[in-house]
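Participant: For reference, the sequence and a predicted model appear below.
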Amino acid sequence: MSDYSYRHFRFDSESLYNHLLELRKEESPADLVERFRYLFVDGSDYPDPQIRAALHRIATSPWAEQEFTLILNRCCYILINYWWLHPELRQATIELVNLFNPPYSVAKNSPVAHRLRALLKQFTQTEQYAELQDRARIVEKAPDDEPKNEPIRHLIPRYPYLYPYCLLNWDSSETGHQAVKQMQEARERQFEQDLNLYMTYRLRQSSSPQTGEVKNPTLLSPHQVETAVRKFVGKVEGPHTYRDLARQFVAYSKEAPSYRDVKREMYDYLTASILHSEKPDYGKHHFNRWLAEQLQATLPQSDNLRPNHSLLVQTCGQLLEYLVASPTRPNHHVVFVDLNNILGSTFTIGLLLKIVLLCREVKSNLDIIKAHLSRRFAVMLKHYETRVRGEIEWLVECLENLMVAFSIHFGRADFSWVNLF
């Protein structure tokens with residue numbers, strides 16, 4: 001292979017991709033998984049000799065060490081994304097991903113087979129393969145109870161709002177984005193229905209015992225779920241709901257003389273939550289001063305400008321950046337952890353919800369700010385991904401509360417009846 005150039009290497013890679021793109025529409029998922037086994041695991045007996053030869057050249061080339069993982073990863077997504085767009089085919093994702101779990105049964109004891117086995121072992125130790133495993137877990141039916149000794153990365157399937165930020169780090173294809181969005185929307189609708197059904201059961205059960213138990217769709221306790229739903233739906237500050245408060249703030253911001261005045265009002269808007277909490281003095285210790293400092297440091301060059309939608313969205317985004325800071329920024333992250341530990345996760349998510357709702361008036365702005373908040377939680381989960389649920393319950397409770405809040409405020413199900421009980 002002395003005359004085998006990088007150009008030949010890329011040509012062989014494209015041949016693999018095009019081969020799978022053609023086959024995925026023609027063959028069943030079971031047949032395609034078997035093809036993968038022959039081609040990538042066994043390294044022999046593949047029915048198309050030209051494709052087999054192309055893979056062998058790739059595996060034994062000087063570039064395999066650096067690029068084989070990326071090539072195999074893309075080959076997997078060519079099939080998985082197609083399957084995800086067809087719900088009846090999604091289950092094959094599990095068989096394909098599990099195919100690469102060692103030990104491997106190598107059909108022939110050849111140098112190429114040994115080389116492939118080494119490259120596969122390397123692949124299964126990468127972040128790319130870990131993300132493929134996340135895809136497989138999402139397809140698998142969730143167990144009735146998530147054990148507390150599971151790494152919280154295994155909880156990603158529970159939170160569809162995280163899918164775009166946890167499942168597309170190694171798949172930038174348009175089909176991949178479409179497949180993940182379709183799965184996300186389906187799971188969100190299912191959760192909304194399950195939550196609505198559970199709340200109907202629970203609230204009727206309290207007044208008149210019902211037969212036939214309905215499963216709690218969250219990892220929160222029954223009391224925590226009911227508390228969260230009631231707070232996100234109902235009155236939180238005097239006679240006002242979260243939506244009422246957001247509408248009042250937006251109305252004020254349109255008439256405010258300057259952006260500096262909007263930031264001052266934002267301070268009052270957020271600290272009022274603490275005054276109406278179970279620990280109204282909490283803000284005096286550190287949080288209020290910290291919040292004032294962050295707002296003062298936000299877009300100071302715009303302080304004298306007239307308020308507008310763009311400034312409001314930027315401010316909300318910056319506040320979420322501060323409040324849901326990465327653990328790599330400990331001075332800010334400790335504020336978030338402290339809020340959860342002292343005032344609880346339902347309160348903390350309610351505070352974030354107040355910020356998100358300020359962008360509700362313009363759908364594109366709302367989409368931007370919701371995505372920003374989801375991305376912040378994806379970053380946090382990534383940092384703690386190897387910690388088990390029992391060690392970091394506050395984060396799990398936040399993720400669950402956010403799922404409930406998003407369902408109530410941005411989903412299709414009607415929860416307005418909850419506080420009638």
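Facilitator: Structure received. Residues are numbered from 1 along each chain as shown.

Participant: Not counting residues beside it along the chain, what's closest to Leu39?
Facilitator: The shortest distance from Leu39 to any residue other than its chain neighbours is 4.9 Å, reached at Tyr46 (CB to CB, 6 or more residues apart in numbering). In this view, the C-beta of every residue, glycine as well, is placed from N, C-alpha and C.

Participant: my guess is the one you found meets Ala54, correct?
Facilitator: No: when contacts are counted by CB atoms under 8 Å, Tyr46 is not listed as touching Ala54 (10.2 Å).

Participant: Tyr38 versus the residue nearest to Leu39, what's the distance?
Facilitator: Separation of Tyr46 from Tyr38 (CB to CB, to the nearest Å): 5 Å.

Participant: how many other residues sit next to Arg74?
Facilitator: By other CB atoms under 10 Å, 18 other residues sit near Arg74.

Participant: contacting residues for the residue nearest to Leu39?
Facilitator: Tyr46 is in contact with 35, 38-39, 52, 55, counting by CB atoms under 8 Å, 6 or more residues apart in numbering.

Participant: let's see 6 Å
Facilitator: Contacts here follow CB atoms under 6 Å, 6 or more residues apart in numbering; on that basis Tyr46 touches 38-39, 52.

Participant: Next up, phi/psi of it, please.
Facilitator: Torsion angles at Tyr46 (phi, psi; degrees, to the nearest 10) stand at phi -70, psi 140.

Participant: out of everything not next to it in sequence, what's closest to Ile138?
Facilitator: Pro157 (4.2 Å).

Participant: what about the one you found, how many residues close to it?
Facilitator: 21.

Participant: do the same with Ile71
Facilitator: Ile71: 24 neighbours (other CB under 10 Å).

Participant: now swap in Gln182 and tell me
Facilitator: Neighbours of Gln182 under the rule other CB under 10 Å: 14.

Participant: so which helix or strand takes in it?
Facilitator: If you go by DSSP states H and E, Gln182 is part of helix 174-207.

Participant: Next secondary structure after that helix?
Facilitator: Later in the chain than helix 174-207, the nearest helix or strand by DSSP H and E is helix 222-233.

Participant: Could you list the buried residues of that following helix?
Facilitator: By neighbour count on 16 or more other CB atoms under 10 Å, the buried set for helix 222-233 is 224-226, 228-233.

Participant: The residue most central in space within the chain: what secondary structure?
Facilitator: Compute the mean C-alpha point of the chain, and by CA atoms, centre = their mean the closest residue is Leu162, 0.9 Å away. Of the three states, Leu162 takes helix under DSSP: H, G, I helix; E, B strand; the rest coil.

Participant: thought it was touching Val379?
Facilitator: No: Leu162 lies out of contact with Val379 (CB atoms under 6 Å); the separation is 10.3 Å.

Participant: which other helices and strands contact the one helix or strand in the chain whose mean pLDDT sits lowest?
Facilitator: The helix or strand of the chain with the poorest confidence is helix 111-123; it has a mean of 91 (mean pLDDT, DSSP states H and E). Of the remaining helices and strands, those touching helix 111-123 by 3 or more CB pairs under 6 Å, 6 or more residues apart in numbering; DSSP states H and E are helix 49-59, helix 64-84.

Participant: could I have it exported to PDB, CA atoms only?
Facilitator: Coordinates of each C-alpha in helix 111-123 appear next as PDB, following Å, rounded to 0.1, in the frame of the first residue of the first chain:
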ATOM      1  CA  PRO A 111      -3.900  -9.500  10.600                       C
ATOM      2  CA  VAL A 112      -6.800  -7.400   9.300                       C
ATOM      3  CA  ALA A 113      -9.200  -9.000  11.800                       C
ATOM      4  CA  HIS A 114      -6.800  -8.300  14.700                       C
ATOM      5  CA  ARG A 115      -6.300  -4.700  13.500                       C
ATOM      6  CA  LEU A 116     -10.100  -4.200  13.400                       C
ATOM      7  CA  ARG A 117     -10.400  -5.700  16.900                       C
ATOM      8  CA  ALA A 118      -7.900  -3.200  18.200                       C
ATOM      9  CA  LEU A 119      -9.600  -0.300  16.500                       C
ATOM     10  CA  LEU A 120     -13.000  -1.400  17.800                       C
ATOM     11  CA  LYS A 121     -11.600  -1.500  21.400                       C
ATOM     12  CA  GLN A 122     -10.300   2.000  20.900                       C
ATOM     13  CA  PHE A 123     -13.700   3.100  19.600                       C
END
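
Participant: Thank you, goodbye.
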